[in-house]
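*Asks:* sequence below, structure please.
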Amino acid sequence: MTASIALVDDDRNILTSVSIALQAEGFLTRIYADGEAALKALIDNPPDLAIFDIKMPRMDGLELLRRLREKSQIPVIFLTSKDDELDEALGLAMGADDYIAKPFSQRLLIARIRAILRRSEHAGQMQGASSPDAQGPLTRGPLAMDPARHKVTWKDQAVTLTVTEFLILETLAQRPGIVRTRNQLMDAAYQDDIYVDDRTIDSHIKRLRRKFRQVDPEFDAIETLYGAGYRFSEE
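*Replies:* Prediction:
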């Protein structure tokens with residue numbers, strides 16, 4: 001079934017270019033010029049995924065997400081004009097699924113959309129009829145991951161991750177001590193025929209470490225093996 005994507009941005013050029021790119025990939029698109037115009041439509045007729053700009057007049061992306069989360073849990077990706085970590089942290093804490101800074105690669109955005117839609121579909125399977133391929137909660141030492149609910153805790157403290165970060169961590173934690181190359185982590189996070197620079201994976205690893213160190217300054221479970229890749233350690 002064709003997935004529908006709602007785009008909310010006050011930049012008409014971005015609305016048009018992203019919409020054309022998504023339609024070329026087979027998605028249905030709906031566009032809105034500001035959060036106020038989008039809110040009722042997103043609640044009354046929810047898309048499969050929504051993409052919000054953060055900086056918008058009348059109602060910004062953060063306020064739109066806050067109000068949307070009172071009624072709906074549809075996946076949301078945030079766009080912003082700069083890599084503002086404060087806005088990112090607020091957005092993720094409020095329930096956004098991922099975050100990408102402008103200017104961005106449309107191919108990378110499409111890859112993240114597909115990863116989130118796959119995760120949402122998997123969660124729906126887990127919450128509905130039991131699937132023989134469905135994966136249950138994963139525990140590795142102080143780490144607990146629940147793929148169905150997209151929840152992560154470390155030493156019983158919640159850690160908020162984007163879908164991409166979740167997929168990378170899940171891949172590492174499934175086989176502790178085993179080195180995963182950057183290519184393997186790319187395949188796990190994106191699973192599409194899309195080139196992702198090595199530095200993108202490195203950036204996700206840095207963000208993962210930073211988020212875990214916010215709840216545990218001694219966190220060192222994700223190890224770097226220079227020239228080889230990364231591994232998760234239970235020790």
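*Asks:* drop to CA atoms for contacts and neighbour counts, all remaining ones
*Replies:* Noted.
*Asks:* now do the longest helix seen in the chain, average pLDDT.
*Replies:* In terms of residue count, the longest helix belonging to the chain (DSSP state H) is helix 106-127. Across helix 106-127, pLDDT averages out at 77.
*Asks:* just stretch 16-30 next, same as before
*Replies:* When the per-residue pLDDT values of stretch 16-30 are averaged, the result is 96.
*Asks:* who are the packing partners of the helix or strand of the chain with the lowest mean pLDDT?
*Replies:* Taking mean pLDDT, DSSP states H and E as the measure, the helix or strand of the chain with the lowest value is helix 85-94, at a mean of 73. Identification of packing neighbours for helix 85-94 by 3 or more CA pairs under 8 Å, 6 or more residues apart in numbering; DSSP states H and E yields helix 61-69.
*Asks:* elements contacting the helix it packs on?
*Replies:* When contacts are defined as 3+ CA pairs under 8 Å, 6+ apart, helix 61-69 packs onto helix 35-44, helix 85-94.
*Asks:* hmm, who's touching the first one?
*Replies:* Spelled out, it's helix 35-44. Helix 35-44 is contacted from outside by 6, 8-9, 32, 56, 58-61, 64, 67-68, 71-72, using CA atoms under 8 Å, 6 or more residues apart in numbering.
*Asks:* got a PyMOL select line for the buried ones in the residues you listed?
*Replies:* Buried subset of the contacts of helix 35-44, written as a PyMOL selection, criterion 16 or more other CA atoms under 10 Å:
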select buried, resi 6+8+9+32+56+59+60+61+64+68
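*Asks:* before we move on, the earlier item: next, the buried residues of the least confident helix or strand of the chain.
*Replies:* Applying a neighbour-count criterion of 16+ other CA under 10 Å, one finds D87, E88, G91, L92 buried in helix 85-94.
*Asks:* beta partners for V152?
*Replies:* Assessed by DSSP bridges, V152 has beta-bridge partners M145.
*Asks:* burial check on it, number of neighbours?
*Replies:* Other residues near V152 number 22, with proximity taken as other CA atoms under 10 Å.
*Asks:* same question for P46.
*Replies:* Counted with other CA under 10 Å, P46 comes out at 17.
*Asks:* next one: E36
*Replies:* 18.
*Asks:* after the host helix or strand of L208 comes which helix or strand?
*Replies:* In the assignment (DSSP states H and E), L208 maps to helix 198-215. Using DSSP H and E, the next helix or strand after helix 198-215 towards the C-terminus is strand 222-225.
*Asks:* so which elements touch the very next helix or strand once past that following strand?
*Replies:* Going down the chain from strand 222-225, the next helix or strand is strand 229-232, by DSSP H and E. With contacts defined as 3+ CA pairs under 8 Å, 6+ apart, the secondary structure elements packing on strand 229-232 are helix 163-174, strand 222-225.
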